[in-house]
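K.L.:
Give the three-dimensional model of this entry:
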Amino acid sequence: MSTTERQTLARKLVTFMRDEIPLAQNMDLSLHDCDEQQLSIAAPLPPNVNDKGCAFGGSLVSAMTLTGWGLVELELRVRGLDCDVFVGESTVRYLEPVWTDFVSEACLADGGDWTDFFDTLAARGRARIEVACRVPGTGDKPAATLAARFVAKRRSPDAV
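P.N.:
Next comes the predicted model:
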């Protein structure tokens, strides 16, 4: 799949998020970028601000969770696979306040392997994969990180 086709699919995925997940609509999430390694989603500060004028921690973790979920969902859609994807476990760290519009980035965690994930999914109908998400901060340090395990489960052919 070309980069342009992948970006078109990613744009459709973000539209799906906004249509089907009210939080994504309220956060005003939009596609920032994607390629074969990563997915990034942008969020403006105004709908995600807290009482101190910086990004609300709940918005940061929600954006990272949705971006991680989106990375897995995008790879399934690229391959034409119909699965339910959910977060099985996650750990978040808040490292510095975010005072502006922000971007959430997701990629496979170190040691993550799409081949193993898809082989397991084909064999068992269910697979899990580790994803690393971050909101860039000042300098080289992230403002927040999320380490998450996402699970994909094939939908039954007769599911509605």
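
K.L.:
and the next element down the chain from the host helix or strand of Thr67?
P.N.:
Assigned by DSSP states H and E, Thr67 falls within helix 57-78. Per DSSP H and E, the first helix or strand lying C-terminal to helix 57-78 is strand 83-94.

K.L.:
any idea how far the most centrally placed residue in the chain lies from Arg134?
P.N.:
Centroid check for the chain by Cα atoms, centre = their mean gives Thr67 as the closest residue, at 1.6 Å. In this view, Thr67 and Arg134 are 9 Å apart by Cβ to Cβ, to the nearest Å. Every C-beta, even on glycine, is put in place using the N, C-alpha and C of the backbone.

K.L.:
Overlap of the contact sets of these two?
P.N.:
Common neighbours of Thr67 and Arg134, using Cβ atoms under 8 Å, 6 or more residues apart in numbering, are Ser104, Glu105.

K.L.:
Going by neighbour count, which residues in stretch 135-148 are buried?
P.N.:
For stretch 135-148, burial by neighbour count (16 or more other Cβ atoms under 10 Å) applies to Val135, Pro136, Gly137, Pro142, Ala143, Ala144, Thr145, Leu146, Ala147, Ala148.

K.L.:
what mean pLDDT would you report for that stretch?
P.N.:
Across stretch 135-148, pLDDT averages out at 96.

K.L.:
circling back to that earlier point, of the buried residues of stretch 135-148, which belong to strands?
P.N.:
Val135, Pro136, Pro142, Ala143, Ala144, Thr145, Leu146, Ala147, Ala148 (DSSP state E).

K.L.:
Does the last one touch Ser90 like I think?
P.N.:
Yes: Ala148 is within contact range of Ser90, at 3.9 Å (criterion: Cβ atoms under 8 Å).

K.L.:
For Asp101, list the residues it contacts.
P.N.:
Contacts of Asp101 by Cβ under 8 Å, 6+ apart are Ala42, Ala43, Pro44, Leu45.

K.L.:
Of the ones in strands among the buried residues of stretch 135-148, which is the nearest to Gly53?
P.N.:
Ala143 (14.7 Å; Cβ to Cβ).
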